[in-house]
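Q: Next comes the sequence, and after it the predicted model I'd like to discuss.
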Amino acid sequence: MSNDFTFAIDSIGFDENYQPSDNTRITTNFANLARGESRQENLRNALKMIDNRFNALAHWDNPKGDRYSVELEIISVDMDIDNEGNGHTFPTIEILKTNIVDHKTNKRIEGIVGNNFSSYVRDYDFSVLLLKHNKNQPKFSIPDNFGDLHGKLFKCFVNSDTYKQNFIKPPVICLSVSDNKTYYRTENQHPALGVEYQPNESSLTEQYFKKMGLEVRYFMPSNSVAPLAFYFFGDLLNDYSNLELISTISTMETFQKIYRPEIYNANAAAGKCYKPSLKNLDHSLTQIVYDREERSKLGIKQGEFAEEHFIKPYQSILEQWSASYSS
């Protein structure tokens, strides 16, 4: 058996006309915004927030604050499970690609791939496997080899010819800070990413992403109110241009303001010692309708789907591949 699975990439524009497909992997966040009576208004407002934030951060040679706009693509990744080309595929990962339009030069600049990260297998690990493992247990613990398969699948994809043919640089994934950790401001400051923060301890998410080959650093950009977690390969500060990094910041900070307003739309900015809280009442809401409860329920549903259609039926193939895989 080959040491690598093969992957196929599908791309759909995320704009005000975006409609979630019924039969493909739905990134819950986007789908949630694109449903209901306010769907088009939601999308239009979110995209406007992204453009405004981008121009505020990329303020040089931009006197009117309207030089740039950001175009987004949802990238869906299907994996050929038995490499026989017989249609046995599984929707493994969904990520987001940014592209920057410079209206002054009429050029389109490639942004960063990654940003948002959605994965059926991760949903299975956190919403099914971890819950089952800790059911009726007096003390919380993590199953053996937790995240190993997912980490190897992700590295296999990033190292694949399919990835290299479609994307110039390795992915950067941008997530919210954890509400059960404390973050301390450092003296390090980057022109685009802002002030660096360091956490008091490692989290399960950090350990999980480490198995995917990703390191993490925390930065709070100019005029933000909380740090963001940036997961990356290589050298985050030198491998990407300021405009590339700003495309990720403006996109993911906008989504976090919608999804986690208690942290990212708080009325007071993080200080030297910062403890995020989803119970923070001193925050503002965006004009965008979002159902957070539905999102958490869908995480469980998607985890169960992965167990039924991927983990159980292909268990022996996956175990054999995982044991022999070396990145």
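A: Arrived safely, thanks for sending. This one's a predicted model, so the numbers in the text were calculated from it and none came from an experiment.

Q: For Met49, give me its contacts.
A: Applying C-beta atoms under 8 Å, 6 or more residues apart in numbering to Met49 gives the contacts Thr254, Lys257, Thr286. All C-beta spots, glycine's among them, are computed from the backbone N, C-alpha and C.

Q: again, but for Pro171
A: Pro171 touches Ile95, Ile112, Val113, Gly114, Val158, Phe232, Phe233, counting by C-beta under 8 Å, 6+ apart.

Q: All the strands of the chain, in order from the start?
A: Remark: strands assigned in the chain by DSSP state E are 6-14, 68-80, 89-102, 107-119, 172-176, 183-190, 194-199, 215-220, 228-232, 273-274.

Q: do you know which of the ones you listed lies nearest Phe140?
A: Ranking the strands of the chain by proximity to Phe140 (C-beta to C-beta) places strand 194-199 first, at 19.0 Å.

Q: Tell me how far Tyr218 lies from Ser247.
A: 19 Å (C-beta to C-beta, to the nearest Å).

Q: thinking again about what came up before, let me have the strands of the chain in JSON lines, adding mean neighbour count and mean pLDDT as columns.
A: Formatted as JSON lines, the strands of the chain follow (neighbours: other C-beta atoms under 10 Å; pLDDT from 0 to 100):
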{"stretch": "strand 6-14", "mean neighbour count": "16", "mean pLDDT": "91"}
{"stretch": "strand 68-80", "mean neighbour count": "20", "mean pLDDT": "93"}
{"stretch": "strand 89-102", "mean neighbour count": "21", "mean pLDDT": "93"}
{"stretch": "strand 107-119", "mean neighbour count": "21", "mean pLDDT": "94"}
{"stretch": "strand 172-176", "mean neighbour count": "22", "mean pLDDT": "96"}
{"stretch": "strand 183-190", "mean neighbour count": "15", "mean pLDDT": "97"}
{"stretch": "strand 194-199", "mean neighbour count": "18", "mean pLDDT": "97"}
{"stretch": "strand 215-220", "mean neighbour count": "20", "mean pLDDT": "98"}
{"stretch": "strand 228-232", "mean neighbour count": "23", "mean pLDDT": "98"}
{"stretch": "strand 273-274", "mean neighbour count": "16", "mean pLDDT": "96"}
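
Q: returning to that earlier point: among the contacts of Met49, which one lies nearest to Leu204?
A: Lys257 (24.6 Å).

Q: Report the buried residues of stretch 56-65.
A: Within stretch 56-65, the residues that count as buried by 16 or more other C-beta atoms under 10 Å are Leu57, Ala58, Asn62.

Q: export those residues to JSON lines and tack on pLDDT and distance to Gln40?
A: Converted to JSON lines, the buried residues of stretch 56-65 look like this (pLDDT from 0 to 100; distance: C-beta to C-beta, whole Å):
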{"residue": "Leu57", "pLDDT": "97", "distance to Gln40": "26"}
{"residue": "Ala58", "pLDDT": "97", "distance to Gln40": "27"}
{"residue": "Asn62", "pLDDT": "97", "distance to Gln40": "28"}
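
Q: Just the ones of these in helices?
A: The members of those that map onto helices under DSSP state H are Leu57.

Q: And the residue lying closest to Gln198 once chain neighbours are set aside, how far from Ser284?
A: Spatial nearest neighbour of Gln198, chain neighbours left out: Tyr184 (5.4 Å); criterion: C-beta to C-beta, 6 or more residues apart in numbering. Distance from Tyr184 to Ser284, counting by C-beta to C-beta: 26 Å.
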